[in-house]
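Peer 1: How does the following fold in three dimensions:
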Amino acid sequence: MLTLQSLLSLPVFLSTTLIAHALAAPDGFIDKEPNRYDIDYEAALLGGDGCNNKQLKMIREGFVDMNQLFKAAVQVDWDGDPEHEFFGAPERIQNYTMLIEANLLRASQYANLKGNTENRKPDIHVRCDDPNDQCGDGDGDGKHVAYNIGNEPHINFCRRYFKLDPLDQRVLEATLDEDNDMKLMRYYNRGAAWARQVMHISAVGQAIVEKVVPGIDSNSTYNPNTTNLNSEWTTRISMGAMNTSFLAGVKNDHPKTNGPNNIQTLNYVYGAKRAKLLAVFPTQMPYDTANNAENYALYALARYVMKTQGFYPIKPILQYSSEMALLSDKDVLDGDDKQNACLQKSDVVPRNRGTNFVGEAIESASPSSMLGLLSTRTSSAYLLVYGGLVYALVSSWLA
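Peer 2: Now for the predicted structure:
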């Protein structure tokens with residue numbers, strides 16, 4: 001057996017060669033497989049208000065995971081099952097396919113590496129201090145993991161985000177769970193949470209609204225009180241930032257309070273059940289799926305699982321005999337077992353007057369400092385061992 005003493009007794013050239021080989025071997029550290037999170041992107045993460053270093057690391061990892069999801073989703077197959085389930089049947093969505101593809105393409109451009117300034121996306125201000133006091137809202141399991149501020153590149157991450165797994169860990173564990181491996185929401189991870197928030201950024205996710213109005217002369221201004229209602233009708237199209245769609249034609253929630261109230265809340269679309277319902281329910285507009293950030297995030301997640309695992313986690317499967325049967329299915333309307341959002345609230349909120357918009361540079365935002373798998377202490381230990389070996393070899397040679 002080769003010991004350190006016998007190693008040092010060898011000629012210097014031979015012993016240094018053996019040590020260099022050992023350190024460069026798979027079990028050493030010189031050619032250790034690069035950290036998959038050690039990536040320099042053109043777009044930066046800024047701010048970090050209220051976040052500690054561990055949280056910043058998990059936020060950055062989620063950003064990298066999100067880029068992996070959108071890279072898997074950017075080539076859309078309109079004949080595929082995920083496309084039909086999350087955006088709608090071809091005859092329903094045909095007028096909005098280009099919009100969906102453009103949104104996915106813009107989201108995927110956050111993966112542009114450092115130096116690639118073509119179609120550069122804005123830097124993102126991240127924070128953990130909950131300036132809009134949204135993280136605690138909701139009941140049971142339904143609370144936001146993150147929310148967007150003002151459709152800006154500005155995202156707050158709640159405590160629940162930090163309980164989510166990294167992408168590859170979650171995919172591996174869900175795949176190995178044979179009883180639940182076909183349930184898409186079992187694959188939900190930090191990257192999927194990030195994906196929904198990025199789609200809310202106005203420079204990424206664009207939404208469309210179509211409204212039928214009475215036709216007017218091109219030289220006139222539309223006035224609902226004076227326009228001739230017998231005139232020819234036309235469709236008015238408007239575009240804007242993507243928010244959160246809600247279920248139409250279903251009874252709004254009536255939250256419980258300490259006293260009487262007339263409060264009603266919309267049923268916002270989060271989770272696979274509601275996202276799929278949005279694509280088939282007759283009371284929804286055909287473009288509602290194209291306008292909902294969650295549908296993009298879950299579609300990208302499904303495509304990533306298909307790419308890496310070779311199958312589509314098709315559950316939940318919506319089966320109903322009639323519209324009334326669906327409306328009475330409380331399980332469907334309640335959404336998934338474990339929620340990653342508050343179903344009664346949008347995850348896009350206006351920026352408060354006193355909330356800073358532009359985040360400062362994060363001192364530890366570089367991948368090497370935020371995401372290195374080796375801690376400073378561990379790296380120092382490696383250097384100490386290596387330095388000791390070199391010193392011993394030199395001393396042996398001089399002797």
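
Peer 1: Doesn't residue 355 lie inside a helix?
Peer 2: No. Secondary structure of residue 355 (DSSP: H, G, I helix; E, B strand; the rest coil): coil, not part of a helix.

Peer 1: Model confidence for it, exactly?
Peer 2: Predicted confidence (pLDDT) for residue 355: 88.

Peer 1: So residue 243 lies in a helix, does it not?
Peer 2: No. Using three-state DSSP, the secondary structure at residue 243 is coil, not a helix.

Peer 1: Let me see the contact set for it.
Peer 2: Residues in contact with residue 243 (C-beta atoms under 8 Å, 6 or more residues apart in numbering) are 151, 200, 207, 291, 293, 346, 348. In this view, the C-beta of every residue, glycine as well, is placed from N, C-alpha and C.

Peer 1: which residues touch the closest residue to residue 59 other than its chain neighbours?
Peer 2: Spatial nearest neighbour of residue 59, chain neighbours left out: residue 126 (5.3 Å); criterion: C-beta to C-beta, 6 or more residues apart in numbering. By C-beta under 8 Å, 6+ apart, residue 126 lies in contact with 45, 46, 47, 48, 51, 56, 59, 155, 156, 157, 359.

Peer 1: give me that answer again for 6 Å
Peer 2: 45, 47, 59, 155 (C-beta atoms under 6 Å, 6 or more residues apart in numbering).

Peer 1: Using a markdown table, lay out these together with secondary structure and distance to residue 146.
Peer 2: Shown next, in a markdown table, are the contacts of residue 126 (DSSP: H, G, I helix; E, B strand; the rest coil; distance: C-beta to C-beta, whole Å):
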| residue | secondary structure | distance to residue 146 |
| --- | --- | --- |
| 45 | strand | 13 |
| 47 | strand | 14 |
| 59 | helix | 9 |
| 155 | strand | 6 |
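
Peer 1: In TSV: those, plus pLDDT.
Peer 2: TSV is the format used below for the contacts of residue 126 (pLDDT from 0 to 100):
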residue	pLDDT
45	97
47	96
59	98
155	98
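
Peer 1: Among those, which one lies nearest to residue 248?
Peer 2: Proximity of the contacts of residue 126 to residue 248 was ranked by C-beta to C-beta; the top entry is residue 155 with 27.5 Å.

Peer 1: ok, what's across the strand from that closest one?
Peer 2: Following DSSP bridges, residue 155 is listed with bridge partners residue 126, residue 148.

Peer 1: State whether it and residue 195 are indeed in contact, as I suppose.
Peer 2: No. Contact criterion C-beta atoms under 6 Å: residue 155 and residue 195 do not qualify, at 11.4 Å.

Peer 1: the strands in the stretch 1-150 of the chain, which residues?
Peer 2: 45-49, 124-127, 146-149 (DSSP state E, counting those that start in this stretch).

Peer 1: what does the stretch 201-350 of the chain give?
Peer 2: 206-214, 233-241, 348-349.

Peer 1: List the contacts of the shortest one.
Peer 2: If I follow you right, that is strand 348-349. Residues from elsewhere that reach strand 348-349 (C-beta under 6 Å, 6+ apart): 132, 147, 148, 200, 243.

Peer 1: contacting residues for the third one?
Peer 2: It refers to residue 148. Residue 148 makes contacts with 155, 197, 200, 348, as judged by C-beta under 6 Å, 6+ apart.

Peer 1: Equivalent analysis for the fourth one, please.
Peer 2: Contacts of residue 200 were listed using C-beta under 6 Å, 6+ apart, and they are 148, 151, 242, 293, 348.

Peer 1: For these, give me TSV that also has distance to residue 304 and pLDDT.
Peer 2: Shown next, in TSV, are the contacts of residue 200 (distance: C-beta to C-beta, whole Å; pLDDT from 0 to 100):
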residue	distance to residue 304	pLDDT
148	22	98
151	25	98
242	21	97
293	17	98
348	24	97
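
Peer 1: In PyMOL, select just the buried ones from those residues.
Peer 2: Those of the contacts of residue 200 that count as buried under 16 or more other C-beta atoms under 10 Å are selected in PyMOL with:
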select buried, resi 148+151+242+293+348
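
Peer 1: Narrow the contacts of residue 126 to those that are buried.
Peer 2: Among the contacts of residue 126, those that count as buried by neighbour count (16+ other C-beta under 10 Å) are 45, 47, 59, 155.

Peer 1: Which of those residues sits closest to residue 317?
Peer 2: The closest of those to residue 317 turns out to be residue 155 (C-beta to C-beta; 32.1 Å).

Peer 1: which ones are touching that closest one?
Peer 2: Residue 155 sits in contact with 126, 146, 148, 197, where contact means C-beta under 6 Å, 6+ apart.

Peer 1: Just give the number of residues close to the closest residue to residue 347 other than its chain neighbours.
Peer 2: Nearest residue to residue 347, sequence neighbours excluded (C-beta to C-beta, 6+ apart): residue 147, at 4.4 Å. By other C-beta atoms under 10 Å, 25 other residues sit near residue 147.

Peer 1: Over to residue 274?
Peer 2: The burial count for residue 274: 26, using other C-beta under 10 Å.

Peer 1: And residue 49, by the same measure?
Peer 2: Per other C-beta under 10 Å, the neighbour tally for residue 49 reads 17.

Peer 1: Look up how far residue 110 lies from it.
Peer 2: Going from residue 49 to residue 110 by C-beta to C-beta, to the nearest Å gives 21 Å.

Peer 1: How about residue 42?
Peer 2: Per C-beta to C-beta, residue 42 is found 9 Å from residue 110.

Peer 1: now do residue 71
Peer 2: In this view, residue 71 and residue 110 are 10 Å apart by C-beta to C-beta.
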